[in-house]
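>>> Give me the fold of what follows.
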Amino acid sequence: MEKNRNYFIAIALSVLIVFGWQFFYMNPRIEAQRKAQEAAQTQQVQQSEQSKQAQPGQPAQTAAPAGALPAGGATPTTISREAALEQSKRVAIETEALSGSIDLTSGRIDDLRLKRYRETVEKDSPIIALLNPADTTDGYFAELGYIAGDASGSAPGPTTQWTLSGGDKLTEKTPVTLTYTNDKGVTFSRTISVDQNYMFSIDDKITNAGQQPVSLSSYGRITRNNKPATPSTYVLHEGFIGVIDNSLMESKYAAVEKENVTAPQSTGGWLGITDKYWAATLIPPQTTPFDARFSHFTDGQPRFQADYRAVPFTVAPGQSVDVKNLVFAGAKVVPLVDAYKDTYSIPRFDRLIDWGWFYFITKPMFKLMDFFYHFFGNFGIAILLTTIVVKLLFFPLASKQYASMANMKRMQPKMEELKAKFGDDKMALQQATMQLYKDEKINPLAGCWPIALQIPIFFSLYKVIYITIEMRHAPFFGWIRDLSAPDPTSIVNLFGLLPFAAPTILHLGVWPLIMGVTMFVQMRMNPTPPDPTQAMIFNWMPLVFMFMLASFPAGLVIYWAWNNTLSVIQQSIIMRRHGVKVELFSNLRGLFRRKPATSE
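Numbering: from 1, shown residues only. Below you'll find the predicted structure:
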């Protein structure tokens, strides 16, 4: 029993360290950086307004390609999104999932809103704007073009003026066609289509009507001016991502700011930039070798860029060549990303979602929760049912754990006899104890493995709730309107009855309180440790965990509270089955019983 207690304390302290780091370091850091980002954005908006008054309608300066990938940086002075959209001719995008437009000066997809998602849980909240023109503060766009040799004439790039030659609006049923003919008689015909969700197909047909062969290299880039307003945490990757030569590549913004990342030439793969819930990626032709890189530029408008350049190809006179690219720009919906992986044979495209080290646990757990969600229409209920399934899967191990604890408890009188017999002779006591375990067929470590094995389950569930867009703004019941956000109530302002917001460090909602109570009850199922230090840790641990979990997603707190409740029921049944007294009510009475006064 002593070894079990020590192990429980070690596990609890390990979890406390992780939660403490999240609560006392990451949360204040995220809040400070968010405020700094908001201040910077406010300043940039003010500067842009001043710039608009001084130089209305001035276009951004964008470098043209010259044998290498185009730089494409706008001037540091930015303008509003509305002003940027009015600077050039555009073709509208309007589907069930998307609205926006394509810039005919460059052919960029740089105006994209996600109609199914809003910024907050409020119904009148603005819809998510994913892509924005380069001249704005939040510039973020996808561009595809070509790099031509000197003898091949100009090629489509950042300053190309495309002509709309087919279709007047891009919808899931009606593609649009853009054309451009250079000074050498080479015509580029680009057909852009989009499905009912977030995958764009860009089909280029290059026809050489000239007298000389032309050499071209296709390129693509995802360019972004700013990092996300809310910095990522240790459990989530945000930044550059790709699968090159079947190897997953992930680079944080800060790492690329220090040094650009270049991948070896490969055939097949994809690359782009990912946020917590959204992403923009390029899927080049899967049979053409290309070079890829993740970069940060400081010339003009500072920007981050994921780009590729394919090996050159030649178009003979009177011949044509077809080039097809895919662009994903939208929400990282799990079934949708998986479907794209299979439909388009995109290698490991499902890793666009950061399932983490426990991928083999995390993704199946989400699929189980998603299965329950489709039956009950509530992810909170899905979490509760998933917890029951996990409990059933671990029941044999849990049964061994509690059986071991029951056997250890039955051996306490014999253990006390051995301690009295051998006194301070620790070696003899240890040998006699091991012999006792052998005679009684007790494994003192049997109770440790179930706890160790459930730690990955806990962190996998945390990952699922934290990263999947399905959990974003998913309601439970009552006041929980977003399972991916902390419980919004707080005991400090009497759960909203008093007209002020509780300080972040004192925020303690209803569900963290429920979790703390269930944890307290679970810990009282076992005898109070005789060691005063251990007893103090066990007494204070539920309170500490309540404050630690107050800032965690409500879905995780609900899981923990429900898991504690099931553990209490499970332990009670198993302990009674082995004829061992359940200590809960005795411990509770002992906790509140007045201790007798000591006589002097």
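>>> CA atoms for contacts and neighbours, from now on please.
Will do.
>>> What are the boundaries of the strands in the stretch 51-200 of the chain?
Along the stretch 51-200 of the chain, the segments classed as strands by DSSP state E, counting those that start in this stretch run 90-94, 98-103, 109-118, 127-131, 140-148, 163-166, 169-170, 176-181, 186-194, 199-208.
>>> now the angle from the last one to strand 186-194?
What that stands for is strand 199-208. On the basis of axes from the mean of the first three to the mean of the last three C-alpha atoms, to 10 degrees, strand 199-208 is oriented at 170 degrees to strand 186-194.
>>> And the fourth one, by the same measure?
Computed with the same axes, to 10 degrees, the direction of strand 127-131 lies at 160 degrees from that of strand 186-194.
>>> Also the second one?
Calculated by the same axes, to 10 degrees, strand 98-103 forms an angle of 170 degrees with strand 186-194.
>>> all helices for the stretch 451-600 of the chain, in order.
Remark: helices assigned in the stretch 451-600 of the chain by DSSP state H, counting those that start in this stretch are 510-523, 532-549, 554-577, 584-592.
>>> Which of those helices sits closest to residue 227?
Closest approach to residue 227 among those (C-alpha to C-alpha): helix 554-577, 26.4 Å.
>>> Okay, now the unreliable bits of the stretch 301-450 of the chain?
Of all residues in the stretch 301-450 of the chain, those with pLDDT under 70 make up the ranges 401-410, 440-450.
>>> any chance you could map the strands in it?
Using DSSP E, counting those that start in this stretch, strands in the stretch 301-450 of the chain cover 303-310, 313-315, 320-331.
>>> Just name the most buried of the ones you listed.
strand 303-310 (a mean of 24; mean count of other C-alpha atoms under 10 Å).
>>> Could you tell me how many residues sit around residue 173?
Counted with other C-alpha atoms under 10 Å, the burial measure for residue 173 works out to 11 neighbours.
>>> What of the one 5 residues further on?
Burial of residue 178 is recorded as 20 neighbouring residues (other C-alpha under 10 Å).
>>> same thing with residue 338?
When counting by other C-alpha under 10 Å, one arrives at 18 neighbours for residue 338.
>>> wait, it sits on residue 351?
No - here residue 338 lies out of contact with residue 351, judged by C-alpha atoms under 8 Å, at a distance of 9.2 Å.
>>> for this structure, which spans come out with low pLDDT?
When residues are selected by pLDDT under 70, those of the chain lie in 1-77, 230-233, 401-410, 440-454, 492-506, 526-535, 538, 578-600.
>>> Please parse it into its domains.
What automatic domain parsing lists as the domains of the chain is 57-354, 363-591.
>>> Can you say which of these is packed in most?
Counting by mean count of other C-alpha under 10 Å, domain 57-354 has the highest mean neighbour count of these, with a mean of 19.
>>> sorry, back to before: same list as before, the strands of the stretch 51-200 of the chain that is, but in TSV and with distance to residue 334 included.
Rendered in TSV, the data for those read as follows (distance: least, C-alpha to C-alpha, whole Å):
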stretch	distance to residue 334
strand 90-94	23
strand 98-103	18
strand 109-118	15
strand 127-131	18
strand 140-148	22
strand 163-166	34
strand 169-170	25
strand 176-181	29
strand 186-194	19
strand 199-208	14
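>>> for those, which one sits closest to residue 267?
Ranked by C-alpha to C-alpha, the member of the strands of the stretch 51-200 of the chain that lies closest to residue 267 is strand 140-148, at 18.0 Å.
>>> ok, and what's touching the closest one?
When contacts are taken as C-alpha atoms under 8 Å, 6 or more residues apart in numbering, the neighbours of strand 140-148 outside the stretch itself are 65-69, 106-111, 130-134, 154-158, 214-225, 280, 327.
>>> now swap in stretch 111-123 and tell me
Taking contacts as C-alpha under 8 Å, 6+ apart, the residues outside stretch 111-123 that touch it are 85, 96-102, 125-133, 141, 330-331, 473, 481-482.
>>> Please identify which of the strands of the stretch 51-200 of the chain is closest to residue 558.
Comparing the strands of the stretch 51-200 of the chain under C-alpha to C-alpha, the one sitting nearest is strand 109-118, at 24.5 Å.
>>> Can you give the distance from that closest one to the centre of its chain?
Relative to its chain's centre, strand 109-118 lies at 19 Å (C-alpha atoms, centre = their mean, to the nearest Å).
>>> now swap in stretch 556-567 and tell me
Between the mean C-alpha point of stretch 556-567 and the mean C-alpha point of its chain there is a distance of 23 Å (C-alpha atoms, centre = their mean).
>>> Alpha carbons only: can I get it in PDB?
What follows is stretch 556-567 as a C-alpha-only set of coordinates in PDB (Å, rounded to 0.1, in the frame of the first residue of the first chain):
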ATOM      1  CA  LEU A 556     -12.000  18.100 -20.300                       C
ATOM      2  CA  VAL A 557     -13.300  19.100 -16.800                       C
ATOM      3  CA  ILE A 558     -16.600  17.400 -17.500                       C
ATOM      4  CA  TYR A 559     -14.700  14.300 -18.500                       C
ATOM      5  CA  TRP A 560     -12.600  14.300 -15.400                       C
ATOM      6  CA  ALA A 561     -15.600  14.800 -13.100                       C
ATOM      7  CA  TRP A 562     -17.500  12.000 -14.800                       C
ATOM      8  CA  ASN A 563     -14.400   9.700 -14.800                       C
ATOM      9  CA  ASN A 564     -14.000  10.300 -11.000                       C
ATOM     10  CA  THR A 565     -17.600   9.400 -10.400                       C
ATOM     11  CA  LEU A 566     -17.400   6.200 -12.400                       C
ATOM     12  CA  SER A 567     -14.100   5.300 -10.600                       C
END
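>>> 40 is where my numbering starts, stick with that
Yes, from this point I'll number from 40; that puts the last item at stretch 595-606.
>>> which residues touch it?
Defining contact as C-alpha under 8 Å, 6+ apart, one finds that stretch 595-606 is touched by 419, 422-423, 426-427, 430, 500-501, 504, 522, 550-551, 553-555, 557-558, 561, 588-589.
>>> what do you get if the cut-off is 7 Å, keeping everything else the same?
With C-alpha atoms under 7 Å, 6 or more residues apart in numbering as the test, stretch 595-606 has contacts from 422-423, 426, 501, 504, 550-551, 553-554, 557-558, 561, 588.
>>> Spell out the residue ranges of the helices in the stretch 240-389 of the chain.
Taking DSSP H, counting those that start in this stretch as the criterion, the stretch 240-389 of the chain carries its helices at 292-297, 373-382.
>>> ok, and the closest non-adjacent residue to residue 275?
Distances taken as C-alpha to C-alpha, 6 or more residues apart in numbering place residue 393 nearest to residue 275, at 6.5 Å, with adjacent residues excluded.
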